[in-house]
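Colleague: Got a predicted structure plus its sequence, pasted below:
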Amino acid sequence: MKIVTILGSPHGPRGATGTLLGELVRAATAAGGDVRAFSLTDHKVVPCVGCDACHKTGVCPQKDSFNSLKAAMLEADGIVLASPNYIVSVSAQMKALFDRCCGPIHCQAMHDKYAAAVETSGGTGGEEVQHYMLRFTQWLGCWTVGSVGAMGADLADPMRKGQAFAGAADLGRALVAAIQRKQTFPAQAAARQEFFGRMKSLVQYRKDAWPYEYQHWQSRGWL
């Protein structure tokens, strides 16, 4: 069970988001997950320039860490995204990664894989950020297992910190269990099918302009 974690905090693993993510990683590893951790402080991803190359060839021509991160994501059985809440959204580092994943979204490249999200916040809006990260992974084709979040005040208080850490550990174990069981989530099925159909129609419509993505769908037997 290969799991990839991607940390979008500019504070890296020692920040609040990285610390909460670390509890998930420890629990997932103890449950049998093979976890590979990436921090966007060490792996630079620059913004998308809208060149369309990924749709045509399957490879982004920009010289940064994106292609290696994408390869790790596609090889994994599960993915965990972790970001602080910056103005009721993910960090700029994480948003750059999301935008660069336009091609994998078109290709439903993580179809039937699994995802979870970790978020920390200085105030309100954390649930919205968690939902955004989970929605992004659903657009990639994942089943989403859940999310965990904590406010800075929670992590500063010993009792509430313990509760937050326990929630992260529970989520790590739940992610591993979902991968093991090949679990499905009926409440997600309708939206999942609708988005899959949208991507199928889009790729068919743009088949001449986006040959890589059209061939990908053909190779999966989806057309």
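Modeller: Yep, it's here. Numbering: from 1, shown residues only.
Colleague: buried ones in the helix or strand bottoming out on mean pLDDT in the chain?
Modeller: The helix or strand with the lowest mean pLDDT-type score in the chain, counting by mean pLDDT, DSSP states H and E, is helix 152-156 (a mean of 88). Buried positions in helix 152-156, judged by neighbour count with 16 or more other Cβ atoms under 10 Å: 154, 155. Placement of C-beta: from N, CA and C, glycine included.
Colleague: elements contacting the helix ranked longest in the chain?
Modeller: Counting residues, the longest helix found in the chain (DSSP state H) is helix 158-181. If contacts are counted by 3 or more Cβ pairs under 8 Å, 6 or more residues apart in numbering; DSSP states H and E, helix 158-181 sits against strand 2-7, helix 16-30, strand 78-84, strand 114-121, strand 143-151, helix 152-156.
Colleague: Quick one: mean pLDDT for the longest one?
Modeller: Per-residue confidence for helix 16-30 averages out to 97 on the pLDDT scale.
Colleague: And for the longest helix of the chain, what's in contact with it?
Modeller: 1, 3, 20-21, 23-29, 31-33, 77-78, 80, 114, 116, 118, 143, 145-148, 150, 153-155, 183 (Cβ atoms under 8 Å, 6 or more residues apart in numbering).
Colleague: List buried residues within those residues.
Modeller: 1, 3, 20-21, 23-25, 27-28, 31, 33, 77-78, 80, 114, 116, 118, 143, 145-148, 150, 154-155.
Colleague: got a list of what the nearest residue to residue 9 once chain neighbours are set aside touches?
Modeller: Nearest non-adjacent residue to residue 9, counting by Cβ to Cβ, 6 or more residues apart in numbering: residue 17, 4.2 Å away. By Cβ under 8 Å, 6+ apart, residue 17 lies in contact with 7, 8, 9, 11, 82, 83, 84, 118, 119, 120.
Colleague: ok, so what distance separates residue 17 from residue 95?
Modeller: 15 Å (Cβ to Cβ, to the nearest Å).
Colleague: now swap in residue 25 and tell me
Modeller: For residue 25, the distance to residue 95 (Cβ to Cβ) stands at 23 Å.
Colleague: what do you get for residue 83?
Modeller: Residue 83 is 9 Å from residue 95, by Cβ to Cβ.
Colleague: what about those two, which has more around it?
Modeller: Neighbour comparison, residue 83 and residue 95: the larger count goes to residue 83, with 30 against 19 (by other Cβ atoms under 10 Å).
Colleague: Beta-bridge partners for residue 39, please?
Modeller: Taking DSSP bridges as the rule, residue 39 bridges to residue 7.
Colleague: If you tally nearby residues, what's the number for it?
Modeller: 21.
Colleague: and if you look at residue 69?
Modeller: Residue 69 has 20 neighbouring residues, counting by other Cβ under 10 Å.
Colleague: On the three-state scheme, it is what?
Modeller: helix (DSSP: H, G, I helix; E, B strand; the rest coil).
Colleague: so what pLDDT did it get?
Modeller: 97.
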